[in-house]
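Chemist: One predicted model, sequence on top.
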Amino acid sequence: PPNGSPSPTGDGGASPTASPQPFQSQIKRVTARDLPYSWREGCPVGPSELRMIEMTYWGMDNKPHTGGRLVVNERYADDLVTVFRKLYDMRYPINRMEPVDRFRGSDFDSIEANNTSAFNCRQATGSSNWSQHALGTAVDINPCENPYVSSSGRIAHEDCVQFKDRDRDDPGVIHAGDRVVQAFESIGWGWGGEWSGTKDYQHFSASGR
């Protein structure tokens, strides 16, 4: 719902279609006006270097959804369309897919809504350096089922603590070497679930960090 706290298993407001349909996508230019909370002067990339991918995605309700939106670095837009086409074809379920501007740029609130997202001009968690998300070169997928786990084992989101158990096989859970990891590996992107110490199971990036 537009005004409220969506549950981690909500559909994000996108409309499921009546019957399965082929994957569709469009890559569009964005302006600062499109990114009122996620971009500001001084960010490491400008709006002209970013693109909005609008695409179909397979939902947690086992139906196709139109209107998924992901803001990414222009350099990787075509590659990421290829990846998300693979995820759609394998029926990998995504809870919702909206720019973090929907959450006023709050990474925490986006995760609370179990939202798949990419660009956000912010520092890396626990660091003063830019996050890969600030470059548009990282994607976080189903962040509740695939949580950020600190080196001490802490998960900041109460509803997601259960997914610290990576033997779980719930819809949307990503496992080492599975087809989701392979899809990102096919464009040279690394997975945060393979980090030592801290694990970021939702996180894929061009740099592997």
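Modeler: Received, thanks.
Chemist: Quick check: chain neighbours aside, which residue is closest to residue 31?
Modeler: residue 47 (5.3 Å; CB to CB, 6 or more residues apart in numbering). For glycine as for every other residue, the C-beta is placed from the backbone atoms N, C-alpha and C.
Chemist: Going by residue numbers, what spans are strands in the chain?
Modeler: Secondary structure of the chain (DSSP state E): strands at 25-29, 50-58, 64-73, 138-140, 148-149, 190-191, 199-200, 203-205.
Chemist: these two touch, right, residue 104 and residue 38?
Modeler: No: checked against CB atoms under 8 Å, the pair residue 104 and residue 38 is beyond contact range at 9.1 Å.
Chemist: what about residue 149, distance to residue 208?
Modeler: Separation of residue 149 from residue 208 (CB to CB, to the nearest Å) stands at 18 Å.
Chemist: Ignore what I typed, I meant residue 144.
Modeler: Taken as CB to CB, the span from residue 144 to residue 208 is 23 Å.
Chemist: higher neighbour count, residue 104 and residue 38?
Modeler: Neighbours were counted for residue 104 and for residue 38 using other CB atoms under 10 Å; residue 38 has more, 29 against 11.
Chemist: Please list all residues in contact with the more buried one.
Modeler: Residues near residue 38 by CB atoms under 8 Å, 6 or more residues apart in numbering: 71, 99-101, 105, 119-121.
Chemist: Most neighbours among those residues, which one?
Modeler: Counting neighbours by other CB under 10 Å, residue 119 leads these with 32 neighbours.
Chemist: Where does pLDDT dip in the protein?
Modeler: 1-19 (pLDDT under 70).
Chemist: longest single helix anywhere in it?
Modeler: Identified as the longest helix of the chain according to DSSP state H is helix 77-89.
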